[in-house]
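**Student:** Quick one, structure for this:
(one chain, ligands or ions: 2)
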Amino acid sequence: MKLFTAEQVYAADKFTIEKQNITSDELMERAAIQLFNWLHLRMQGAQVKIHLFCGIGNNGGDGLALARHLQDHGYNIEVYVVNYSKKRSKDFLTNLERLKERKIWPNFLEEGSEWPPIKEEEIIVDAIFGIGLNRAPDEWVGNLFEHLESTKAFVLAVDIPSGLFTESVPKREKDVLKANYTLSFQVPKLVFFLPQTGKYTVQWEVLDIGLDKQFLFETDTDYSLIGKNEILPFYRPREKYSHKGTYGHSLIIGGSYGKMGAVQLAARSCLRVGSGLVTVYIPKCGYIPLQTAIPEAMVITDNEDSHISEIELSIEPTAVGLGVGMGTKEGTSEAIANFLKDYKRPVVVDADALNLIAQHKDLLKYLPGQAVLTPHPKELERLIGSWKDDFDKLEKAKVFSDKHDCVLVIKGAHTIIIYKNKGYVNTTGNPGMATGGTGDVLTGMITGLIAQGYEPLQAALLGVYLHGRSGDITVENTGYQALLATDVIEGIGPAFLDLFKVEEKVSAEEDGNE
Ligand SMILES: NC(=O)C1=CN([C@@H]2O[C@H](COP(=O)(O)OP(=O)(O)OC[C@H]3O[C@@H](n4cnc5c(N)ncnc54)[C@H](O)[C@@H]3O)[C@@H](O)[C@H]2O)[C@H](O)CC1
Ligand SMILES: [K+]
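**Tutor:** Ligands and ions are numbered 1, 2, ... in the order given. Below you'll find the predicted structure:
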């Protein structure tokens, strides 16, 4: 799913209005009906009080139109206009008139107004600011947000939590009204997925308001959301007359005394994603544990017992996963540097190998094209330097990826994959996966996918998606706390099978939308 900028959403609006020969008021009405259906389906006429806070632009217009539908269906509502500007939008005014015709008189809130009392069990609809926010809300509006949050009532945001910009990070937390749920029109916003801005909504959902499908399809975006629909088109099925040679030979280079587990995790996950053959290159101390734990893997050992000192290859791997559990002994750093100077085939670089490259940036020029780098935030900072905020981080990552022709897998709650000027936001995974070894599993998976012939970017997308999906499937049995990296490997099979499961439709939801 593409992630549009506010400017692109406005363009889609305009295009739709012209092509479908409708008015902007009719489009607002569609939005309001979708909002109403969503609420009505869940509330079934319950008389819990709904407090609708509406701004003076089109987001406010949506709120007023929703209030009208709620009133028509007998809901218990109270409407407020947050009067932060005299510049009211046309469709806001139209909807204000419609409310007045029904004898609904909103409360006008201004600087100095007394804030309305709201009970914890009541509902707040936030239609104050939408994607048109162009500067931080005035102090008194921030104070209102604070008051609304302090009531602990459930906050349902229309389109986007008020005070949240679509393309930058707000300066102060109190300038945004935190939402429990956001109903976003047509497309989710990038800010829902970044650590500094994602925290402003607990959950989100998209409401289809019928913006022109062709326009949405043809508009190119810098960011997209990666789910099953984005993965399936490049999934490669197993061929009947294939053999293990068809699916590549992966080599995992890593391990040191006390960190052999990392190699085991990477090698096993590499096998689980379907790599035809897997060899590991490790220091001698890992020989017996490796051979015992993973009979399917082949082992080549370094001359040193406790760390890697020289990477001498007697095989020609299809793809290499470099760095897991490797340590930073001096001999090891040299071995990696020498290896990278000679090696010309696809590589996934992780952990200590990443840190080494960050320390010796001249090594970057030896990376083969489209090398996949899988840094966590600290490793990323060592590579690209510090950043002002999440948007700055993404821009710097894009510049780095373009300059060094590499795929950056920025690990986090929503892992973001950057290649050149595009970003791909992953949707799978959960907090249970914040545990030692899951990164090694990811490295093994991406390596194994590249070995099978996936382009490095595709391998990164599929690997990250399946890794998170496996965690999501597995956590159902383990719970967050007990989830182990090993469990994520065991879930890879079910995650592949899940790619082909047809989603069950909630029939009531469909009814509600009719
Ligand atoms: N396709 C869609 O998604 C549709 C969206 N709709 C809704 O329209 C809003 C966007 O409406 P817009 O009028 O452009 O902006 P806002 O309501 O967000 O803001 C109002 C207005 O206020 C001014 N402003 C901005 N920042 C400030 C500030 N800090 N203080 C005071 N005033 C400010 C600015 O001039 C804005 O224009 C979208 O989110 C949806 O909810 C349509 O209803 C249907 C199609
Ligand atoms: K809002």
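
**Student:** Near ligand 1, which residues of this protein? Just list them.
**Tutor:** Taking CB under 6 Å from any ligand atom as the criterion, the neighbours of ligand 1 within the chain are 9, 13, 27-28, 31, 55, 57-62, 84-85, 87, 89, 129-138, 158-159, 185-186, 209, 211. For glycine as for every other residue, the C-beta is placed from the backbone atoms N, C-alpha and C.

**Student:** The helix or strand encompassing residue 60 - what's its average pLDDT?
**Tutor:** Here residue 60 sits within helix 58-72, counting by DSSP states H and E. Averaged across helix 58-72, pLDDT comes to 98.

**Student:** now for it, which elements pack on it?
**Tutor:** Here helix 58-72 touches helix 24-43, strand 50-54, strand 77-82, helix 90-101, strand 123-127, strand 154-158, going by 3 or more CB pairs under 8 Å, 6 or more residues apart in numbering; DSSP states H and E.

**Student:** I'd like the ones you listed written out as CSV, with mean pLDDT added.
**Tutor:** Below are those laid out as CSV (pLDDT from 0 to 100):
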stretch, mean pLDDT
helix 24-43, 97
strand 50-54, 98
strand 77-82, 98
helix 90-101, 97
strand 123-127, 98
strand 154-158, 98
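
**Student:** now these in a markdown table, with mean neighbour count?
**Tutor:** Output for the helices and strands packed on helix 58-72, formatted as a markdown table (neighbours: other CB atoms under 10 Å):
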| stretch | mean neighbour count |
| --- | --- |
| helix 24-43 | 19 |
| strand 50-54 | 26 |
| strand 77-82 | 22 |
| helix 90-101 | 17 |
| strand 123-127 | 26 |
| strand 154-158 | 25 |
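
**Student:** want to throw those into CSV with distance to ligand 2?
**Tutor:** Below are those laid out as CSV (distance: least, CB to the ion, whole Å):
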stretch, distance to ligand 2
helix 24-43, 11
strand 50-54, 9
strand 77-82, 10
helix 90-101, 13
strand 123-127, 5
strand 154-158, 5
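
**Student:** Out of these, which is closest to residue 369?
**Tutor:** strand 154-158 (43.1 Å; CB to CB).

**Student:** and the longest helix along the chain, what's its mean pLDDT?
**Tutor:** With DSSP state H setting the assignment, residue counts place helix 456-482 as the longest helix in the chain. Averaged over helix 456-482, pLDDT sits at 98.

**Student:** Flag every buried residue along that helix.
**Tutor:** 456-475 (16 or more other CB atoms under 10 Å).

**Student:** Look at residue 511 and report its pLDDT.
**Tutor:** Model confidence at residue 511 (pLDDT) stands at 42.

**Student:** circling back: show me what the next helix or strand after the longest helix of the chain is packed against.
**Tutor:** For helix 456-482, the following helix or strand on the C-terminal side (DSSP H and E) is helix 485-490. When contacts are defined as 3+ CB pairs under 8 Å, 6+ apart, helix 485-490 sits against helix 260-272, helix 438-451, helix 456-482.

**Student:** which stretches of the stretch 101-250 of the chain form strands?
**Tutor:** 107-109, 123-127, 154-158, 179-185, 201-207, 223-226, 249-253 (DSSP state E, counting those that start in this stretch).

**Student:** which of the ones you listed sits most buried?
**Tutor:** Mean neighbours per residue, mean count of other CB atoms under 10 Å, is largest over the strands of the stretch 101-250 of the chain for strand 249-253, with a mean of 29.

**Student:** Can you tell me which helices and strands that strand packs against?
**Tutor:** Strand 249-253 packs on helix 260-272, strand 277-282, strand 319-322, helix 438-451, going by 3+ CB pairs under 8 Å, 6+ apart.

**Student:** picking up where we left off before, contacts for the helix holding residue 60?
**Tutor:** Contact with helix 58-72 is made by 24, 28-29, 31-33, 35-36, 39, 50, 52-55, 77, 79, 81-82, 89, 91-92, 94-96, 98-99, 102, 104, 106, 125, 127-132, 158-159, 162, as judged by CB atoms under 8 Å, 6 or more residues apart in numbering.

**Student:** so residue 153 makes contact with residue 124?
**Tutor:** Yes: using CB atoms under 8 Å, residue 153 is in contact with residue 124, at 5.0 Å.
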